[in-house]
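**Student:** Please work out how this folds:
(2 chains)
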There are 2 protein chains.
Amino acid sequence: MPAHPVLIAGHWTPSEGTKTFQAVNPTTREPLADLYPVSPWKEIERAIIAASEAARTMRGWPGDRFARFLERFADRIEAKSDAFVEMAHLETALPKSPRLKEGELPRTTNQLRQAAAAAREGSWAQATIDTKANIRSMFGPIGPVAVFGPNNFPFAFNSAAGGDFAAAIAAGNPVIAKGHSSHPGTTKMFAEEALQAARETEMPDALVQLIYRTGHEDGAKLVSHRLMGATGYTGGRHAGLVIKEAADKAGKPVYLELSSINPVFILPGAVEEKSDAIAGEFTSSCLMGAGQFCTNPGLVVLLAGPKTEAFLETVAKKFGEAPVGTMLGEGVQKSFGEAISALTKAGAKVLAGGSAGGGKGFCFQNTLLRVEGAKFLADAEALQTEAFGNGSLVVVAASIEQMVEIAETLEGNLTGTFYSSTTGADDAGYDRIAPAVRQRVGRLLNDKMPTGVAVSPAMNHGGPFPATGHPVFTAVGIPASIHRFSQLHCYDAVRPGRLPPALRNHNPGGMWRLIDGRWTQEDVKA
Amino acid sequence: MPAHPVLIAGHWTPSEGTKTFQAVNPTTREPLADLYPVSPWKEIERAIIAASEAARTMRGWPGDRFARFLERFADRIEAKSDAFVEMAHLETALPKSPRLKEGELPRTTNQLRQAAAAAREGSWAQATIDTKANIRSMFGPIGPVAVFGPNNFPFAFNSAAGGDFAAAIAAGNPVIAKGHSSHPGTTKMFAEEALQAARETEMPDALVQLIYRTGHEDGAKLVSHRLMGATGYTGGRHAGLVIKEAADKAGKPVYLELSSINPVFILPGAVEEKSDAIAGEFTSSCLMGAGQFCTNPGLVVLLAGPKTEAFLETVAKKFGEAPVGTMLGEGVQKSFGEAISALTKAGAKVLAGGSAGGGKGFCFQNTLLRVEGAKFLADAEALQTEAFGNGSLVVVAASIEQMVEIAETLEGNLTGTFYSSTTGADDAGYDRIAPAVRQRVGRLLNDKMPTGVAVSPAMNHGGPFPATGHPVFTAVGIPASIHRFSQLHCYDAVRPGRLPPALRNHNPGGMWRLIDGRWTQEDVKA
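**Tutor:** Okay, the predicted model is just below:
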């Protein structure tokens, strides 16, 4: 059987590469039949050049063009939703329902439509006009964007349909999708629909291109190529840092989501008040989808005491009783096992689970670890090892003061969560710990687990390194996520007829603009 | 004579370093008497720790606190303006009047006051509220900021008083100023006034700290230290890339302004219409301040023809007749000479100047070079060597098509400029060349030279690499420049009393916030 073709410049083309790979069914641990190619550099470079030409063609195009494509693409995906769900389930073992069918697929088409609405409406560009100096600026497209999707969201973060993809297109850029090797069939289906949607909406052929896999060096060459604009990467830390180093060296913006253990501080009054409810919420947040979420609560900090001991007993019992989910692949199971070993080697004790197995296919027992606060502080780096999967490390602190110290040693994370008493009993503790957590996370939560990531304009799915590469930006939430794939375009005394429509005096669409320090939907008074 | 002390944690402290340096009077080429220390790592680390403590102390402080400091600082600078002008003139040879006294000093205090107004008013933080999901986000302080100032603006970009400094403080951060070695006395005076202003406004002692010089390795350690938030760097490309690499590796945001040749396209109709006027504007833009501006027009592209020859004759004559300015230092003169050599070696011919000397102190003849378009395209990298000083390279293109090709080979620049006919004769050419330039510059200008950089909210003093490190951000223009020293802080279901004032329902100060997709100064309806 020949390998599946790659999508370059609007054509499904047999790869010039000689190496191939197969996806693996995580439930059976058997390779799937289809072969996918590893693209050699020449092929990647053809995609870059085609994307660059597409970017040139689209210069100055109104947002409506990109909106129509995104909407048509969303419609096409919905028309084949059953087939998408089947394929993604086969490749990832994620449950068809509700996870894929009612959860992730509608989320994905919703993101595409939100991005479309933002592109059409235009306020995302933050047009800023100084009428006195006649200087005008806005965010404009940056050029071809490479998107590296992760394993854990075959739809919502897919390199050819997910959040980075939608944001890059909404900003007016072509995308080179680098599919994740764990779900190439799903990614191919997206690229097929994207190509058809591009044709139906008269977009350039190279608006969306797809390669399935590259060598590490070629990935680095892709993101640092002089014709590329920027890169979005969601995935493991090691491969991400290779991409980051190459892009940084070339001065190309690179937006990464790398790792996060998402600390949860459960203050004593909350344990006192609703121990069982929190134990339930925590267990389901930690084990849902076999724990394979960027915002999985991987570190829980509690104050020592009998109520905490009882809480931990409850949680350990729940972990033992809960079904063990199937992981996305052999690599995930292996990394998770290695991380659990690293944590126990650094002094964590096993309260539940701790070994591979316990479910179907690639899997690992639901694992709860424990370490005392002093020990955590003595080896804080090792004890912040991310265990991506259905497990969590509980730190039992000796005092509120020690909880503050623990907070101050945290690396950058996507989220930080606090559960506290509703009576005010924990307020003094909150006021001491939360400011330290605030500086180290993108999103601070109260009284709920961090695994839900709403697609809201106020969302921040980002955070200080190593959670992401830059703490100003978010990967989820429109319009803010679009800014990542833009550059600031200033026009100084540029003649009126040469200005982009968003910066002209007349504002027929009523987009929001910052005119002389005032946000307004009005025209500039001539 | 002992070396001047460094300012650490609010105390002027003798440096622990054994190495010292002296500034040099550029006019006499003689070293000035004062000795300044090279700080060893231990001393730098003390500053980092003190800054980190100051950042912790200031967490959650209202913008008004920072505004009062910035305003008091501006007042104190103005009260000593004559002394500042004397010192800066001595160290830089920049003219006292109008450059330093009527130009750069008021610009500097104006920037401080604009930053103060932004900090107090709060709209810069772009508070974003999703009332339905109860998710709220805003830009908040990032932590201690290291500012490396350049040689060419002893006031307006000074590490202890300039644009990066003002933006970092306005965002709520302490600053560690790394002064430029060419004007340590000026920088010391700023730090003295900043310390007094900090005391008078009850800010932490370590709000502003000063070191004069570090080894390269220690500079890299400073910007990548785990307690640091971000870095602003304006200066040469080589040293900047060392700083960038270290900061990137540690995942610390670093904002750099490195180099720019600021292409100017003078289209044939403009030469036809107002050759002499443009020759005059170009000459004064290129030679002003001995050409030592980031936005100096270093590359001029013209269409071949008799009018262009006449234009070049006029410019060459003006270059020959204009007084030769004194450069900021021996290094500037040397680098400029080396760049001119590199350009001539790559095929540029000398139309005017070309040798060191011609004025007082460190100086180099006003230098105009010329190369044909085909030759430029054949060696575009070498012919884009930045010559920082009073010189420019003219490219004479054979056709509009070739001008497009030249535009497509340009590296990232701060600015790109077009002069064109007022009759529409150049419009077709503009429409072909300008889109290519647009993608490669931060600020696009029409009919005026790029050397004026207004402090406007719509300004972009930024651009694609290697002009800067990231094309989304601007170093000049408030409030946008403040975002560089912030991180995105999201609050998800955080209890109302725990929200920062900017995200609460009540908005007594009327700051602009994006509530449910609408920019408004109103309260959130409860």
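**Student:** Next secondary structure element downstream of the helix or strand where A:E86 lies?
**Tutor:** Taking DSSP states H and E as the criterion, the element that holds A:E86 is helix A:81-92. Along the chain past helix A:81-92, the next helix or strand (assigned with DSSP H and E) turns out to be helix A:105-121.
**Student:** A:N366 and A:S284 touch, don't they?
**Tutor:** No: the pair A:N366 and A:S284 fails to qualify as a contact (Cβ atoms under 8 Å) at a distance of 11.2 Å. In short, each C-beta sits where N, CA and C put it, glycine included.
**Student:** Look at those two and report which has more neighbours.
**Tutor:** The neighbour comparison of A:N366 against A:S284 (other Cβ atoms under 10 Å in any protein chain shown) goes to A:N366, with 28 against 13.
**Student:** Any figure for the gap between that one and chain B?
**Tutor:** Summarising the geometry, the distance separating A:N366 from chain B, computed by Cβ to the nearest Cβ, to the nearest Å, is 26 Å.
**Student:** A:V300 now?
**Tutor:** Computed as Cβ to the nearest Cβ, the A:V300 to chain B distance reads 18 Å.
**Student:** Helix, strand, or coil at that residue?
**Tutor:** Local secondary structure at A:V300 is given as strand here, using DSSP: H, G, I helix; E, B strand; the rest coil.
**Student:** Do stretch A:411-421 and chain B come into contact?
**Tutor:** Yes: using Cβ under 8 Å from any Cβ of the partner chain, stretch A:411-421 reaches chain B at A:412, A:415.
**Student:** Can you list the buried residues in that stretch?
**Tutor:** Residues of stretch A:411-421 classed as buried: A:411-421 (neighbour count, 16 or more other Cβ atoms under 10 Å in any protein chain shown).
**Student:** Could you dump the residues you listed into TSV and include secondary structure and pLDDT?
**Tutor:** TSV is the format used below for the buried residues of stretch A:411-421 (DSSP: H, G, I helix; E, B strand; the rest coil; pLDDT from 0 to 100):
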residue	secondary structure	pLDDT
A:E411	coil	97
A:G412	coil	98
A:N413	strand	98
A:L414	strand	98
A:T415	strand	98
A:G416	strand	98
A:T417	strand	98
A:F418	strand	98
A:Y419	strand	98
A:S420	coil	98
A:S421	coil	98
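**Student:** can you give me how far stretch A:324-335 is from the chain middle?
**Tutor:** How far stretch A:324-335 lies from its chain's middle: 19 Å, per Cα atoms, centre = their mean, to the nearest Å.
**Student:** Quick check: buried residues in it?
**Tutor:** Neighbour count says stretch A:324-335 has A:324-329, A:332-333, A:335 buried, by 16+ other Cβ under 10 Å.
**Student:** Now do the helices in chain A.
**Tutor:** Taking DSSP state H to define them, one finds helices in chain A at A:41-58, A:63-79, A:81-92, A:105-121, A:163-170, A:184-200, A:216-224, A:237-249, A:268-287, A:306-321, A:330-345, A:373-378, A:400-408, A:427-438.
**Student:** A:W512 is nearest to which of those helices?
**Tutor:** With distances scored as Cβ to Cβ, the stretch of these nearest to A:W512 is helix A:105-121 (8.7 Å).
**Student:** what's the model's confidence in that closest one, averaged?
**Tutor:** For helix A:105-121, mean pLDDT is 98.
**Student:** in it, what counts as buried?
**Tutor:** When burial is assessed from 16+ other Cβ under 10 Å, helix A:105-121 yields the following buried residues: A:105-109, A:111-121.
**Student:** Just the CA coordinates for that helix, please, in PDB.
**Tutor:** Extracted as PDB, the C-alpha positions of helix A:105-121 are listed here (Å, rounded to 0.1, in the frame of the first residue of the first chain):
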ATOM      1  CA  LEU A 105     -16.400  18.600  17.600                       C
ATOM      2  CA  PRO A 106     -18.900  21.300  18.300                       C
ATOM      3  CA  ARG A 107     -16.200  23.200  20.200                       C
ATOM      4  CA  THR A 108     -14.000  23.100  17.100                       C
ATOM      5  CA  THR A 109     -16.600  24.300  14.700                       C
ATOM      6  CA  ASN A 110     -17.700  26.900  17.300                       C
ATOM      7  CA  GLN A 111     -14.000  28.200  17.400                       C
ATOM      8  CA  LEU A 112     -13.900  28.400  13.600                       C
ATOM      9  CA  ARG A 113     -17.100  30.400  13.600                       C
ATOM     10  CA  GLN A 114     -16.000  32.700  16.400                       C
ATOM     11  CA  ALA A 115     -12.800  33.300  14.400                       C
ATOM     12  CA  ALA A 116     -14.800  33.900  11.300                       C
ATOM     13  CA  ALA A 117     -17.000  36.500  13.100                       C
ATOM     14  CA  ALA A 118     -13.900  38.200  14.500                       C
ATOM     15  CA  ALA A 119     -12.200  38.300  11.100                       C
ATOM     16  CA  ARG A 120     -15.300  39.800   9.400                       C
ATOM     17  CA  GLU A 121     -16.000  42.300  12.100                       C
END
